[in-house]
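Q: take this sequence and fold it.
(one chain, ligands or ions: 1)
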Amino acid sequence: MPPAPDAHTDVLVVGAGAAGLYAALRAARDGARVTVISATPLAETASYWAQGGVAAALAVDDSAAAHLADTERAGRGLVRRSAADVLCREAPDAVSDLESLGVVFDADRHGRLVLGLEGGHTHRRVVHAGGSATGRRLVRQLSAKLVAHPAVTVMEPTRASAVWTSEGRCVGAVTEDGQAVAARATILACGGSAALWSRTTNPPGSVGVGAQLAYAAGADLADLEFVQFHPTAVAGIPGREGFLVTEAIRGEGALLLDGRGERFVKELAPRDEVALAVWRTMKEEGTDHVLLDMREVDPGGFPNVVGALRESGLDPATTPIPVSPACHYTMGGVACDLHGATSVPGLYVVGETACTGLHGANRLASNSLAECIVFGGRAARAALDAPALPGSLDPAPAGSAVIPPSRETREALWRHAGLERDAEGLHALRDDPHPLARAIGAAALSREESRGAHRRLDHPELDPTLDAVHTVVGPLEGSAPPPAHHERWDG
Ligand SMILES: Cc1cc2nc3c(=O)[nH]c(=O)nc-3n(C[C@H](O)[C@H](O)[C@H](O)COP(=O)(O)OP(=O)(O)OC[C@H]3O[C@@H](n4cnc5c(N)ncnc54)[C@H](O)[C@@H]3O)c2cc1C
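A: Residues are numbered from 1 along each chain as shown. The predicted structure is shown next:
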């Protein structure tokens with residue numbers, strides 16, 4: 001007889017960034033008993049670090065259709081329209097729900113929400129809180145609501161080490177300290193993988209934990225080759241390496257300047273174009289940064305960015321800031337449907353762990369916090385419908401499915417799967433000791449074209465026959481390089 005689980009719950013949520021907090025809260029508000037496992041304090045989540053805001057078509061001259069068109073344009077022929085349509089239609093209600101939960105977005109003196117403009121958006125549609133302190137205000141408020149909810153148990157600091165499956169179905173998860181939590185539905189909300197790359201804007205925990213947990217449990221991964229590089233991360237300043245200077249600052253007039261002090265790109269072009277222009281300017285000039293001139297921008301609008309820069313001895317009111325691209329966001333992740341369901345029954349994914357296909361090859365700025373809320377809510381509702389657990393379960397797994405990346409793996413990803421890449425480097429990545437790095441190498445190698453946020457030097461053109469075609473890496477088979485295949489998802 002296998003040992004009994006240490007805890008039983010209806011819905012188990014792993015991760016307490018915006019996606020996990022909102023999914024947990026939604027499930028609890030809808031009547032479920034919820035357990036949340038969270039590895040790190042709030043301040044170490046990507047959500048807490050988010051500066052720009054939440055995209056939602058709220059202006060009178062804006063519409064979900066316009067938001068969808070911008071999302072599709074940014075996603076370069078690869079956006080799964082059904083998913084993006086859900087996001088754009090449901091984002092305004094998500095913002096209202098956040099307000100009803102006590103999140104206070106910045107408003108003008110008439111009480112109307114102030115809408116920011118970011119790259120790739122044709123309308124002002126980004127709601128923010130405390131200027132550029134959106135993420136921290138959002139997760140602090142959601143977390144306060146969550147811990148006050150009587151149906152919620154929070155296990156923190158606790159790390160999930162494996163997904164627990166029984167007869168092909170997910171039945172919970174196991175923690176690093178050996179506790180087995182049984183649940184009708186398990187939602188992984190462990191963030192993305194951008195910190196697998198050595199130069200990153202993300203907190204150190206963003207190393208694809210959700211992807212590793214789900215992959216080891218037999219779930220498919222998708223679109224791993226698509227990684228977004230933020231063009232303006234602080235460069236060469238000890239203690240602030242990779243610190244992100246939000247795009248919203250360019251929305252308010254900050255300029256990008258080369259070594260001669262001249263502009264070389266339209267600052268509000270889509271992120272991939274700006275990042276590549278910065279990268280190529282650096283290569284041409286043989287430097288490790290360009291300059292972001294925000295002297296004309298009101299520092300009062302971005303107090304936490306300006307404060308952090310000043311703490312590092314940089315005064316953006318008087319001096320341009322050295323910046324260069326850094327790995328920022330992973331469009332790919334665990335393949336799932338429009339309710340976060342993965343290929344493993346009972347296992348759901350939300351937030352940056354998930355790949356619904358909504359971002360295509362390149363995410364539109366500020367669509368990800370909106371995704372955390374919209375799809376967090378949808379996954380929670382789907383989880384509530386999961387059937388009861390069977391009377392007896394297979395033993396919970398021993399050992400960890402999560403492998404921390406070595407410095408060598410992180411440097412190999414930056415070198416071989418960066419803004420510019422080729423088959424030779426990607427082949428090398430396929431032999432990396434880290435399973436996720438191998439999967440990324442396999443996915444990137446199989447896509448013989450240039451699309452979205454990176455360029456294949458050996459395949460510089462976009463291949464239109466690959467529009468709407470997603471790269472899927474099937475479940476791990478021993479230690480062999482994982483197979484990558486292509487699937488056409490609805491356009
Ligand atoms: C600097 C920065 C600025 C950004 N600005 C914006 C913006 O303005 N607008 C926007 O839309 N997006 C922005 N993004 C992207 C956005 O913040 C993220 O995509 C989003 O917050 C991801 O949320 P999440 O809930 O999926 O993951 P996270 O917020 O990263 O949370 C992950 C959670 O998983 C937990 N976890 C990890 N491993 C385990 C484990 N083994 N066991 C238990 N728990 C675990 C962590 O402790 C954490 O609680 C920004 C990102 C960064 C880095």
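Q: most residues in a single helix of the protein, which one?
A: Taking DSSP state H as the criterion, the chain has its longest helix at helix 81-100.
Q: check which helices and strands that helix is in contact with.
A: Other elements packing on helix 81-100 under the criterion 3 or more CB pairs under 8 Å, 6 or more residues apart in numbering; DSSP states H and E are strand 54-55, helix 64-74, helix 134-148, helix 367-384. Any C-beta I mention is one placed from the backbone N, CA and C, and that applies to glycine too.
Q: tell me the most buried of the ones you listed?
A: Counting by mean count of other CB atoms under 10 Å, strand 54-55 has the highest mean neighbour count of those, with a mean of 30.
Q: lowest confidence element among the helices and strands of this structure?
A: Least confident helix or strand, the chain: helix 247-251 with a mean of 85, by mean pLDDT, DSSP states H and E.
Q: and that helix, what does it pack against?
A: strand 227-234.
Q: elements contacting the strand it packs on?
A: Here strand 227-234 touches helix 247-251, helix 271-285, strand 321-330, going by 3+ CB pairs under 8 Å, 6+ apart.
Q: would you mind listing the buried residues in it?
A: By 16 or more other CB atoms under 10 Å, the buried positions in strand 227-234 come out as 227-234.
Q: go on, stretch 427-439?
A: 429-430, 432, 434-439.
Q: could I get the helices and strands packed on helix 81-100 as JSON lines with distance to the ligand and mean pLDDT?
A: Converted to JSON lines, those look like this (distance: least, CB to the nearest ligand atom, whole Å; pLDDT from 0 to 100):
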{"stretch": "strand 54-55", "distance to the ligand": "6", "mean pLDDT": "98"}
{"stretch": "helix 64-74", "distance to the ligand": "12", "mean pLDDT": "97"}
{"stretch": "helix 134-148", "distance to the ligand": "6", "mean pLDDT": "96"}
{"stretch": "helix 367-384", "distance to the ligand": "3", "mean pLDDT": "98"}
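Q: turn the ones you listed into a markdown table, including distance to residue 187.
A: Output for the helices and strands packed on helix 81-100, formatted as a markdown table (distance: least, CB to CB, whole Å):
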| stretch | distance to residue 187 |
| --- | --- |
| strand 54-55 | 20 |
| helix 64-74 | 24 |
| helix 134-148 | 14 |
| helix 367-384 | 5 |
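Q: how about those, which one is nearest residue 14?
A: Ranking the helices and strands packed on helix 81-100 by proximity to residue 14 (CB to CB) places helix 367-384 first, at 12.2 Å.
Q: and the angle from the following helix or strand past that closest one to strand 227-234?
A: The element immediately downstream of helix 367-384 (helix or strand, assigned by DSSP states H and E) is helix 407-416. Per axes from the mean of the first three to the mean of the last three CA atoms, to 10 degrees, the angle that helix 407-416 makes with strand 227-234 is 100 degrees.
Q: so helix 407-416 versus strand 321-330, what angle?
A: 100 degrees.
Q: off-centre distance for the helix or strand just after helix 407-416?
A: Going down the chain from helix 407-416, the next helix or strand is strand 420-421, by DSSP H and E. On the basis of CA atoms, centre = their mean, to the nearest Å, strand 420-421 sits 21 Å off its chain's mean C-alpha point.
Q: quickly run through the sheet partners of strand 420-421, with directions.
A: Strand 420-421 has its sheet partners listed here by DSSP bridges as strand 455-456 (parallel).
Q: residues making contact with the partner strand?
A: Applying CB atoms under 8 Å, 6 or more residues apart in numbering, the contact partners of strand 455-456 are 276, 419-423, 447-450.
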